[in-house]
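**Student:** Quick one: sequence and predicted model below, then my questions.
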Amino acid sequence: MNEELETESKDPSVLDTFYYFNTQHNGALSMGPHLDPGFFSVTPASLVPGLQVVDQSTQSWVDVEAEAGAGNLVLFCAESLERWSAGKYSATNHQVVTSMQRPRLSVVFELRSHNEGDAFE
Ligand SMILES: O=C(O)CCC(=O)C(=O)O
Ligand SMILES: [Fe+2]
């Protein structure tokens, strides 16, 4: 295992909060497309839209807050779960775009493991 991967797999679980000023034009990227590194991520849908996930059946972006009302929990798979399940559960590609020119607050919990081989050690 290279050093970068080793460091990544030893990251603790995180609870992040984000405040997006949303001063750019609608549709501008606030956080580029990415996969989260852990097993899964869970976030309450925000009051202000912005989170988008890729629908794997159509490969198109879906607006999360249009599907899940504010406060409903959204759970998506991340990279360790994809590797650990040998691809049975694919990590969800997601991004954040500017919308409504109103500040957006989000809270995201990412469950990670100290050692992927022993997932819940
Ligand atoms: O702000 C959000 O809704 C998502 C943030 C995110 O994708 C992340 O923390 O990895
Ligand atoms: Fe993310």
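**Tutor:** Sure, I can see it. Bear in mind that the values here come from a model prediction, so they are computed numbers and not experimental data. Residues are numbered from 1 along each chain as shown. Ligands and ions are numbered 1, 2, ... in the order given.
**Student:** if I read this right, Val96 contacts Gly27, doesn't it?
**Tutor:** No - at 11.3 Å, Val96 and Gly27 do not qualify as touching, with contact defined as Cβ atoms under 8 Å. Heads up, the C-betas are built off the backbone N, CA and C, glycines and all.
**Student:** For the protein, just list every one of the helices.
**Tutor:** With DSSP state H as the criterion, the chain has helices at 3-9, 64-67, 79-84.
**Student:** Please spell out which residues along the second one are buried.
**Tutor:** Within helix 64-67, the residues that qualify as buried by neighbour count (16 or more other Cβ atoms under 10 Å) are 64-65.
**Student:** elements contacting that helix?
**Tutor:** strand 51-55 (3 or more Cβ pairs under 8 Å, 6 or more residues apart in numbering; DSSP states H and E).
**Student:** Show me which residues of the chain are close to ligand 1?
**Tutor:** Contact residues (Cβ under 6 Å from any ligand atom) of the chain with ligand 1: 16, 18, 31, 36, 43, 51, 94, 96, 106, 108.
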